[in-house]
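K.L.:
Got a predicted structure here, sequence first:
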Amino acid sequence: MSSEESENSAALRVLNLRKTYKAATAPALDGVTFEVGQGEFFGLLGPNGAGKSTLIGTVAGLVKPNAGSAYILGRDTVKEPRFTKMAVGIVPQEITFDPFFTVRETLRLQSGFYGIRHNNIWISTLISRLGLSDKKSLTPVGRHEASRSDCTGTRSQASGHHSRRAHGRR
């Protein structure tokens, strides 16, 4: 797809998306179709069990649909899962970071969810651009990483953690 086609594509296009889980009595998604233009805001509302999480997971490339298609900027989420994971950011409802990890550790761990490793230069650049350089070795609870201890009194190994998964660039 050319850059011109991508610029003219909807940010998100969902066509006749269907998903039924094994042992389910009803489909989670039953022919969902809609489009969100670039620059538009879109809210997804519905009661528990309506299929919101399944739809988000499908659009983000985390859940494979039984039928139908979803496109991000004109690119198929099933055929191009790496692009999808790099282009889509999901903000969960729940707090999903460890308050004892530093900013750097959190970014390294989150990078792993997108299969990105060895990205210390990007993490440093991001920390700098966000104005967090003076906080990069602090945890959200305000302790410096060098002084952290786990419950047995030994130094936490989190700062030396090398995740197999890491957070992607937007």
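P.N.:
Sure, I can see it.
K.L.:
where's residue 81 relative to residue 123, distance?
P.N.:
23 Å (CB to CB, to the nearest Å). Where you see a C-beta, it was placed from the backbone N, CA and C, and this is true even at glycine.
K.L.:
Look at these two and report which has more neighbours.
P.N.:
residue 123 (21 against 15; other CB atoms under 10 Å).
K.L.:
Quick check: nearest residue in space to that one, chain neighbours excluded?
P.N.:
The shortest distance from residue 123 to any non-neighbouring residue, by CB to CB, 6 or more residues apart in numbering, is to residue 107 (4.8 Å).
K.L.:
how many neighbours does that neighbour have?
P.N.:
23.
K.L.:
residue boundaries of the strands in this protein?
P.N.:
12-19, 29-36, 67-72, 75-76 (DSSP state E).
K.L.:
I'd like these laid out as TSV, including distance to residue 86.
P.N.:
TSV is the format used below for these (distance: least, CB to CB, whole Å):
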stretch	distance to residue 86
strand 12-19	15
strand 29-36	18
strand 67-72	10
strand 75-76	11
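K.L.:
wait, which of the ones you listed is closest to residue 87?
P.N.:
Between residue 87 and the strands of the chain, the shortest separation by CB to CB is 5.0 Å, and it involves strand 67-72.
K.L.:
and the angle for the closest one with strand 12-19?
P.N.:
150 degrees (axes from the mean of the first three to the mean of the last three CA atoms, to 10 degrees).
K.L.:
ok, back up a step: can you check which of the strands of the chain gets nearest to residue 127?
P.N.:
strand 67-72 (27.0 Å).
K.L.:
Let me see the contact set for residue 132.
P.N.:
By CB atoms under 8 Å, 6 or more residues apart in numbering, the contact list for residue 132 reads residue 103.
K.L.:
Please disregard the earlier target; I meant residue 71.
P.N.:
9-10, 12-15, 77.
K.L.:
What's opposite it in the beta bridge?
P.N.:
residue 13, residue 76 (DSSP bridges).
K.L.:
From residue 111, how far off is it?
P.N.:
25 Å.
K.L.:
cool, residue 126 as well?
P.N.:
10 Å.
K.L.:
if we can go back for a sec, surely the residue nearest to residue 123 touches residue 125?
P.N.:
No - assessed by CB atoms under 8 Å, residue 107 is found out of contact with residue 125, at 10.7 Å.
K.L.:
any idea of the mean pLDDT for stretch 114-126?
P.N.:
Taken as a whole, stretch 114-126 has an average pLDDT of 84.
K.L.:
Please read the previous query as pertaining to stretch 65-83.
P.N.:
93.
K.L.:
Noted, bye for now.
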